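>>> Fold the stuff below for me.
(chains A and B)
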Amino acid sequence: MLLREVLSTLDAELICGEDLLETEVHAACGSDMMSDVLAYVKNQAVLITGLLNQQAIRTAAMMDMVCVVFVRGKRPDETIIECAKESGIAVMCSSHRMFTACGLLYKAGLNGGMSVK
Amino acid sequence: MSENTLHYHFVVSGDDFTQAGTASSAVKKTLKQLGFDPRIVRKMAISLYEGEINMVIHGGGGEIDVFIDAEQIAAVLTDHGPGIPDIDLAMQEGWSTASEQVRGLGFGAGMGLPNMKKYADELLIDSEVGKGTTVRLTVFLSGK
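Here you go, the predicted structure:
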C-alpha cells in the first residue's frame, strides 16, 4: 500500500514528508522499545510507536524506514520534526492506540515483515 | 594508519540524550555518500548507533573515531565512564543496568551490546571498572 493509504487508514494527520506519500510500503512494526526495533526489524518501512522523542526518528532512519506514526494522539515538537525532515522520514500522528493502529494497517494489507516459525 | 585511510572524529555529549545518535546519523550519511553497499551501511550504522546510545546512557559521553580503508570500516568508541564489571553478563540479551528513566526513552532493554555483536562483523570490548570502556566495531567490506 502507499503511505497515502497508511495516512487515511489511520485517520492520521501528516506532520511532514508529503513528498513521500506515493511511496509503496509492504511491512510495518509497532514498538516503544527502540532496541527491539533495531534487533528484530528487517525491511519494514513503517514504525508505529508511542515513543515521542528524536530516537524514534533516528531508529527508523538507521533501519532505512520511511515513515514514523505516533499513536495515542501524541504530537512531535519542532526538534523531532526537524530531525525527521533531515532524515527523509514522513511523520504522521494518529489518535488510535497502538493495538488498534497496528490492527487497522494489518487488515488493510500491511504485514509484519517476518514469518513466524 | 595508512594514507589511504579516511578518518572521522566525533565528540559525544553525555548530557543530552536527545542528541544521542547524531554522530551515527552523520556516519551513515557519509557512508551512503561514499557509495557503500546499503547492507554495509546499515550494519555499521545500527551497531554504531547502539554504541553511541550506550556511551550516552552509561559512559557519560565520549569520543568516536571512524576509520575507512579499502578493506573495512572500523569505529572506535571511547568513554571514561564507570566501565563494565562483567562483559559476558553485559552481552546477554535482556541484561541491563539502565534506569527506568532510560527505559522510558526507548532504550535499556538489554539489547544494545547483543545488537552490536549481531550487526558488526567484529566487536571488541576493552573495559576497566572506574576508568572507562573502549569498543571497537568493524564491518568488513568483503563480507565475512
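>>> Need the contact partners of the lowest-mean-pLDDT helix or strand in chain A.
Lowest on mean pLDDT, DSSP states H and E among the helices and strands of chain A sits helix A:34-40, with a mean of 88. The set of residues external to helix A:34-40 that reach it, using CB atoms under 8 Å, 6 or more residues apart in numbering or on different chains, is A:29, A:31, A:47, A:51, A:55-56, A:59-60, A:62-63, A:114, B:46, B:49-50, B:106-112, B:114-115, B:118. (Each C-beta comes from the backbone N, C-alpha and C, glycine too.)
>>> Emit the ChimeraX select command for whichever of those are buried.
Buried members of those, defined by 16 or more other CB atoms under 10 Å in any protein chain shown, are picked up in ChimeraX with:
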select /A:29,31,47,51,55,56,59,60,62,63 /B:46,49,50,106,107,108,109,110,111,112,114,115,118
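>>> The contacts of helix A:34-40 in helices, which ones?
A:55, A:56, A:59, A:60, A:62, B:46, B:49, B:50, B:112, B:114, B:115, B:118 (DSSP state H).
>>> Thought residue B:18 was touching residue A:79, still the case?
Yes. The criterion here is CB atoms under 8 Å, and residue A:79 meets it with residue B:18 at 6.7 Å.
>>> which residues do those two both contact?
What both residue A:79 and residue B:18 touch, as defined by CB under 8 Å, 6+ apart, is the set residue A:54.
>>> Please tell me how far residue B:58 sits from chain A.
Distance of residue B:58 to chain A, given as CB to the nearest CB, to the nearest Å: 13 Å.
>>> for the lowest-mean-pLDDT helix or strand in chain B, packing partners?
Each helix and strand of chain B was given a mean pLDDT (mean pLDDT, DSSP H and E); the minimum falls on helix B:100-103 at a mean of 84. Packed against helix B:100-103 by the contact rule (3 or more CB pairs under 8 Å, 6 or more residues apart in numbering or on different chains; DSSP states H and E) you find no helix or strand.
>>> Could you pick out the residues of chain A near chain B for me?
Contacts of chain A with chain B, taken as CB under 8 Å from any CB of the partner chain, map to A:32-36, A:38-39, A:49, A:51, A:53-56, A:58-59, A:61-64, A:79, A:86-87.
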